[in-house]
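Q: For reference, the sequence and a predicted model appear below.
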Amino acid sequence: MGIINVLSKQVAELIAAGEVIERPGSVIKELVENSIDAGASSIIVEIQHGGVTLMRVTDNGTGIQREDVRHAFLRHATSKISRQDDLDSIATLGFRGEALASICAVSKVSVLTKHKDESDGTSYIMEGGEEKSLEPVGCPQGTTFVVKDLFYNVPARMKFLKKDVTESNYIANLMDRIALSHPEISFTFIRDGKQVMKTAGNGKLDTTIYQVFGREFSAGLIPASYQFQGVRMSGYVSKPVSANRASRNMQMFFVNGRYVKTKTAAAALEQAYSGCILSGKFPACVLNLELNCSELDVNVHPAKLEIRFTNEKPIYDCVYHGVRSAITSYDTRRQETIPPAVVPTKPELLAKPSDSGVQMPLQEEEPALFIPPVSHFVPVQESPKAEEPLSIPTVDLSEHIRESEHFQITPQEEIDFLSQVTEPKPKKEIPFRYIGEAFRAYIILEYGDDRIMLIDKHAAHERLLYEQLKEKNPAAAPQMLLEPVTVTLDKEEYRVVMDNKELLLKAGFDVDSFGSGTVLIRSAPLLLEKLDITEAFLEIAGYLQTHRKIILSEKMEWIYQNTACRAAVKAGNVNKPEELMQLAMMLEENPDVKYCPHGRPVYFLMSKQDIEKNFKRI
Ligand code: ADP
Ligand code: MG
């Protein structure tokens, strides 16, 4: 007897469903896309327990005619295409006619729908792909899908589901992106009974961004629009100075209303920021690309998350030039200050506008969102901070000062420096003589009577600060911020930050939740300057998200290193000789400091003998 079995319909359905339905988020994506395709102007999504126990999607679209209801659930049954040629110009989000069949195979589904041309609606109940009932009911125009007990009949899949909160976050992220891809539709997202997102559906992308990601994120954006070789780009990108995210999570591209991952557009975006962004940092964007349907193939990924462009070049060029011109025409001197956030005494009393369940009063609340581009360009680069004082705890240098006769500094500087010293103290031998600084980076000392010492000022300072942080030196203690700083994170980062509140507190960051996705930083390590706090925090959040499994002490170590690195003086900074001398003294007092936290040497010595050899004296 042969060994090849023809699988039963039920097994075949389960296998096919596996491709499309991987997790609760896949169901939400398919159902919401159907609602969008049905022309809805309002879509409400509700989930319980990460969507595993319940998902409900309600729309006010066209509805399904009674005679079509059964068909809708058949595999390869779709109203969106009928001929092979149609595949070349797909304008709807769905087209495979597979989603409902797949969802049905792995859960208990019911649908309530009323078509716009019919007088009453239809209720249809399915379980594990089998019809339970189909009957007429009275209901308003539109469609409600209820999906219960996902994977109840596929235990293997069930096992692979992540924790409820992870699945919920995934869906929340998905909802953010879908809402952004259709500003003309009002989306409401209710998670375990709590409304966590609502968009106005007024067709404006800036309003939608504000409602989805909040004030702080929106305030960091500038508009960008462009048209090039049949591609139209429009949306918002980070202001060059605000482009400081630690990951690409906040780069969102939509192609013809579909959220997609596109490396081409991401590469063009990042290229456009070159020279205006620190290395290792990423810009954020919400960009729509519109092009002729025939220029892309959406049929390359089961969940349609990836698409193929017939020709990548126009995409790259349009994004690159569009973003570049947005950045270059943005004048950093016109940057507005973000109005201070209202800080309640109890954070839980505060809800983001979208949390309230009420449409937010945009007219009053609307922030001065985006600055209109102006014509001239001020390139933003990491400018050397002029005369920036080193944040070294005050060491009493007076004991060494009387030695300063041999410091080679200008007489005026010496007078200034000496005038700060009043009390003569017992002499202590300083083993070096300060000679100067090279390349605004290296301190040069004559060390003892037979060596030259070169100190990398950044590495030395960084290591010293790092040691202070670890020892909880008072200079490294947290500073209470007069005006707390608000930072918008993506859902995953937000969760990780909330999970690591204690660790962050130990590191000097006192954070509180400020409505979904946004946190309030009430204190930060004293070493950090105000301007650095947001950036440092975003980087830490990004790190915590990508290094969840790492042990606590290692995370702590990384945060100390990161803080020290930020707070330390940089090569290129202009420093006074006495500051550099002070740094050299500190190093002298900490003989164990030989390497920076990343392992690079802090100094090296050159012998007089070697120098003499070079001059052929010996
Ligand atoms: P596809 O979206 O690829 O056509 P689906 O299995 O997702 O396939 O849906 C099958 C059909 O059911 C759709 O083509 C559409 O006609 C109908 N349908 C599904 N959801 C809705 C909805 N929310 N409103 C109106 N029609 C719907
Ligand atoms: Mg569909």
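A: Sure, I can see it. This one's a predicted model, so the numbers in the text were calculated from it and none came from an experiment. Ligands and ions are numbered 1, 2, ... in the order given.
Q: can you pull the pLDDT of the closest residue to ligand 2 within the stretch 451-600 of the chain?
A: In the stretch 451-600 of the chain, the residue found nearest to ligand 2 is K491; the distance is 24.6 Å by Cβ to the ion. Any C-beta I mention is one placed from the backbone N, CA and C, and that applies to glycine too. Per-residue confidence (pLDDT) for K491: 86.
Q: got it, and V574?
A: Value listed for V574 in the pLDDT field: 89.
Q: That one: what secondary structure?
A: coil (DSSP: H, G, I helix; E, B strand; the rest coil).
Q: hang on, it packs against R440?
A: Yes - in this structure, V574 is within contact of R440 by Cβ atoms under 8 Å, at 6.7 Å.
Q: Isn't the residue of the stretch 451-600 of the chain closest to ligand 2 up against N173?
A: Yes - in this structure K491 lies within contact range of N173 using Cβ under 8 Å: 5.0 Å.
Q: Looking at these two, which is more packed in?
A: K491 (21 against 15; other Cβ atoms under 10 Å).
Q: List the contacts of that one.
A: N169, A172, N173, D176, S516, G517 (Cβ atoms under 8 Å, 6 or more residues apart in numbering).
Q: What residue, apart from its backbone neighbours, is nearest it spatially?
A: N169 (4.5 Å; Cβ to Cβ, 6 or more residues apart in numbering).
Q: got it, and L505?
A: Nearest to L505 is V511, by Cβ to Cβ, 6+ apart, at 7.8 Å.
Q: so that neighbour sits in a helix?
A: No - if the criterion is three-state DSSP, then V511 is strand and not within a helix.
Q: OK, contacts around it?
A: Per Cβ under 8 Å, 6+ apart, neighbours of V511: V497, K501, L504, L505, V519, L520, I521, R522, F537.
Q: What parts of the chain come near ligand 2?
A: N34, G94, A99 (Cβ under 5 Å from the ion).
Q: Please tell me I have it right and the residue nearest to K491 contacts E492.
A: Yes - counting by Cβ under 8 Å, E492 is a contact partner of N169 at 6.0 Å.
Q: shouldn't L31 be in contact with F145?
A: Yes - using Cβ under 8 Å, L31 makes contact with F145 at a distance of 5.1 Å.
Q: okay, the two: which has more neighbours?
A: L31 (27 against 24).
Q: and the residue nearest to that one when sequence neighbours are not counted, bridged to which residues?
A: Distance criterion Cβ to Cβ, 6+ apart; nearest residue to L31, sequence neighbours excluded, is V57 at 4.1 Å. V57 forms beta bridges with V45, F145, as assigned by DSSP bridges.
Q: coming back round to it: need the overlap of contacts for L31 and F145.
A: Common neighbours of L31 and F145 (Cβ under 8 Å, 6+ apart) are M55, V57.
Q: Give me the ChimeraX select line for the contacts of K491, limited to the buried ones.
A: Only the buried entries of the contacts of K491 go into this ChimeraX selection, using 16 or more other Cβ atoms under 10 Å:
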select :169,172,176,516,517
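Q: And the contacts of K491, which two are furthest apart?
A: N173 and S516 (11.4 Å; Cβ to Cβ).
Q: Any chance of the backbone angles for T563?
A: The phi/psi pair for T563 (degrees, to the nearest 10) reads phi -60, psi -40.
Q: can I assume it is in contact with E529?
A: No - the pair T563 / E529 is not scored as a contact, 11.3 Å apart, by Cβ under 8 Å.
Q: higher neighbour count, the two?
A: Using other Cβ under 10 Å, the more surrounded residue of T563 and E529 is T563, with 27 against 14.
Q: residues touching the more buried one, list them.
A: L465, L469, A507, G508, P525, L527, L528, A536.
Q: how does it look with 7 Å?
A: Listed by Cβ atoms under 7 Å, 6 or more residues apart in numbering, the contact partners of T563 are L469, P525, L527, L528, A536.
Q: Now do it against ligand 1, distance only.
A: Separation of T563 from ligand 1 (Cβ to the nearest ligand atom, to the nearest Å): 50 Å.
Q: The residue of the chain found nearest ligand 1: what secondary structure?
A: Here the chain gets closest to ligand 1 at one residue, G94, 2.3 Å apart by Cβ to the nearest ligand atom. Secondary structure assignment for G94 (three-state DSSP): coil.
Q: I'd like the numbering to begin with 545 instead of 1 from here.
A: Taking 545 as the first residue, the last one we looked at is G638.
Q: who touches it in this structure?
A: E577, N578, D581, T622, K624.
Q: Now for the second one, how many residues are close by?
A: Neighbours of N578 under the rule other Cβ under 10 Å: 24.
Q: Spell out the residue ranges of the strands in the stretch 695-844 of the chain.
A: 730-735, 738-742, 765-772, 775-782, 795-799, 802-804, 829-834, 840-841 (DSSP state E, counting those that start in this stretch).
Q: how far off strand 765-772 does the fourth one point, in degrees?
A: Translated: strand 775-782. Orientation check (axes from the mean of the first three to the mean of the last three Cα atoms, to 10 degrees): strand 775-782 against strand 765-772 gives 160 degrees.
Q: so what strands line up beside strand 775-782?
A: For strand 775-782, pairing defined by DSSP bridges yields strand 765-772 (antiparallel), strand 829-834 (antiparallel).
Q: Nearest to L678, out of those strands?
A: strand 829-834 (39.8 Å).
Q: Convert the closest one to CSV, retaining C-alpha atoms only.
A: Output of strand 829-834 as CSV, limited to C-alpha atoms (Å, rounded to 0.1, in the frame of the first residue of the first chain):
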residue,chain,number,x,y,z
CYS,A,829,9.6,58.8,10.5
VAL,A,830,6.0,58.4,9.5
LEU,A,831,6.2,58.4,5.7
ASN,A,832,3.6,57.5,3.1
LEU,A,833,4.7,56.5,-0.3
GLU,A,834,2.2,56.4,-3.1
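Q: From the chain's centroid, how far away is that strand?
A: 17 Å (Cα atoms, centre = their mean, to the nearest Å).
Q: Quick check: buried residues in that strand?
A: Buried-residue list, strand 829-834, by 16+ other Cβ under 10 Å: C829, V830, L831, N832, L833.
Q: Can you add mean pLDDT and distance to ligand 1 and give the strands paired with strand 775-782 back as TSV?
A: Below are the strands paired with strand 775-782 laid out as TSV (pLDDT from 0 to 100; distance: least, Cβ to the nearest ligand atom, whole Å):
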stretch	mean pLDDT	distance to ligand 1
strand 765-772	93	30
strand 829-834	96	21
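Q: Could you save these as CSV and add columns showing distance to N1134?
A: Output for the strands paired with strand 775-782, formatted as CSV (distance: least, Cβ to Cβ, whole Å):
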stretch, distance to N1134
strand 765-772, 44
strand 829-834, 45
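Q: Give me the three-state assignment for A1080.
A: helix.
Q: what pLDDT does it get?
A: A1080 carries a pLDDT value of 90.
Q: same check, this time on the one 5 residues further on
A: Here, the pLDDT recorded for A1085 equals 93.
Q: Adding secondary structure, distance to Y991 and neighbour count as columns, could you present the contacts of V1055 in CSV?
A: Below are the contacts of V1055 laid out as CSV (DSSP: H, G, I helix; E, B strand; the rest coil; distance: Cβ to Cβ, whole Å; neighbours: other Cβ atoms under 10 Å):
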residue, secondary structure, distance to Y991, neighbour count
V1041, helix, 46, 22
K1045, helix, 46, 15
L1048, helix, 41, 24
L1049, helix, 42, 14
V1063, strand, 47, 27
L1064, strand, 48, 20
I1065, strand, 43, 20
R1066, strand, 45, 18
F1081, helix, 40, 23
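Q: any chance of those residues in JSON lines, plus distance to Y864?
A: Below are these laid out as JSON lines (distance: Cβ to Cβ, whole Å):
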{"residue": "V1041", "distance to Y864": "33"}
{"residue": "K1045", "distance to Y864": "40"}
{"residue": "L1048", "distance to Y864": "37"}
{"residue": "L1049", "distance to Y864": "42"}
{"residue": "V1063", "distance to Y864": "33"}
{"residue": "L1064", "distance to Y864": "36"}
{"residue": "I1065", "distance to Y864": "35"}
{"residue": "R1066", "distance to Y864": "40"}
{"residue": "F1081", "distance to Y864": "30"}
